[in-house]
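[1] any chance you could fold what I've pasted below:
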Amino acid sequence: MSYFSVIKKTETDAAQISFCSDGIIRVMLKKNTEVNANHFRKMFEEYNKLVEGKRHPFIYYAEDGSATVSEDGRAFAKNEEYSFPKVCNAVVVTRLAHKLLANFYFKFNKPNYPFKVFTNMSEAEKWCLEEYRKIKIMELV
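    Sure, this is the predicted structure:
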């Protein structure tokens, strides 16, 4: 498990969003929320305020495993994938149904940046930090 502190935090109707000292943006979807296009629109606005034009890794997870994403939400997220800078997206799932949906999204929506599904937060953090390190090294070259 990584150790970090929260530098900045904000909230929308659908999520709590934390910009952390390890450079990862952690997005916790709230209990029993079906994230739709309007939710994503507001979340993306908040991301842009937090990251101030710099690329960061994002980890998405559900507070209690009950959050879902609507069809219009998935479509909006794909169509607007360039609306905020990112290094990668990790999705942490605790339910098989959510893992299948996340993998389905990945297979058919083909994000244009690294995207991976995890069942373990520590593994997601490790992967995000590796992707972040690669970007930082490339920026130095």
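[2] where are the low-confidence patches of the chain?
    Applying pLDDT under 70 to the chain flags residues 1-2, 95-109, 141.
[3] longest helix anywhere in the chain?
    helix 121-140 (DSSP state H).
[4] what residues sit buried inside the strand or helix carrying G73?
    Assigned by DSSP states H and E, G73 belongs to helix 71-79. Buried residues in helix 71-79, counting neighbours by 16 or more other Cβ atoms under 10 Å, are found at 73-74, 76-77. Backbone N, C-alpha and C define where each C-beta goes, glycine included.
[5] and for stretch 33-42?
    For stretch 33-42, burial by neighbour count (16+ other Cβ under 10 Å) applies to 33, 35-37, 39-40.
[6] turn the buried residues of helix 71-79 into a markdown table, columns for distance to E139.
    Below are the buried residues of helix 71-79 laid out as a markdown table (distance: Cβ to Cβ, whole Å):
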| residue | distance to E139 |
| --- | --- |
| G73 | 32 |
| R74 | 31 |
| F76 | 29 |
| A77 | 26 |
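[7] ok so, going back, what helices or strands is the longest helix of the chain leaning on?
    In terms of contacts (3 or more Cβ pairs under 8 Å, 6 or more residues apart in numbering; DSSP states H and E), helix 121-140 is packed against strand 57-62, strand 88-92, strand 115-118.
[8] try 10 Å this time
    Here helix 121-140 touches strand 25-29, strand 57-62, strand 88-92, strand 115-118, going by 3 or more Cβ pairs under 10 Å, 6 or more residues apart in numbering; DSSP states H and E.
[9] quick one: which two of the buried residues of stretch 33-42 are the most distant?
    T33 and A37 (13.5 Å; Cβ to Cβ).
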